[in-house]
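Engineer: need the 3D shape of this:
(one chain, ligands or ions: 1)
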Amino acid sequence: MIKKLKSEINVCSICNTEMPAEITHCPNCKADLIKGYIDTSARQRRRWSIIFLLFVCSLSFYYLYPTSPQPRLLIIIFAIALVLSIALPYIYFKAKNKDKVIWKRKRL
Ligand SMILES: [Zn+2]
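Structural biologist: Predicted coordinates:
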């Protein structure tokens, strides 16, 4: 008999039930294995990076706008920069935490 490697088994951290790695839903306590979990401290860092980027964008817009030869273009660039300020931290932390897993029971 071939023993399964530890990495081929998922163990539910809530009820300690073992199951094959391809199953991400605990049959015992109905918890789900969530991949790419972002914990509270990472969420906080993500929020502060967004605030920082938005602040930098606004500040540069504030200083560039009065002297800009093409104010309309600057507004478009500013709008794109605002979207990126929010999207980039999300993408970054998602990529950084993609291997992080957590067991969570669905809220009823
Ligand atoms: Zn379980």
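
Engineer: ok so residue 45 is a strand residue?
Structural biologist: No: per DSSP: H, G, I helix; E, B strand; the rest coil, residue 45 lies outside any strand segment and is helix.

Engineer: so the residue most central in space within the chain, which state does it fall into?
Structural biologist: Computing the C-alpha centroid of the chain and ranking residues by CA atoms, centre = their mean puts residue 94 first, at 3.3 Å. Three-state call for residue 94 (three-state DSSP): helix.

Engineer: hmm, it is touching residue 35, no?
Structural biologist: No: look at residue 94 against residue 35 with CB atoms under 8 Å: they stay out of range, at 10.5 Å. Where you see a C-beta, it was placed from the backbone N, CA and C, and this is true even at glycine.

Engineer: relative to residue 29, how far out is the residue nearest to the centre of the chain?
Structural biologist: 27 Å (CB to CB, to the nearest Å).

Engineer: check contacts around the residue nearest to the centre of the chain.
Structural biologist: 36, 38 (CB atoms under 8 Å, 6 or more residues apart in numbering).

Engineer: swap the cut-off to 7 Å and go again
Structural biologist: By CB atoms under 7 Å, 6 or more residues apart in numbering, residue 94 lies in contact with residue 36.

Engineer: state the distance from it to the ion.
Structural biologist: Counting by CB to the ion, to the nearest Å, the gap from residue 94 to the ion is 25 Å.

Engineer: name the helix or strand for residue 76, please.
Structural biologist: Using DSSP states H and E, residue 76 sits in helix 71-96.
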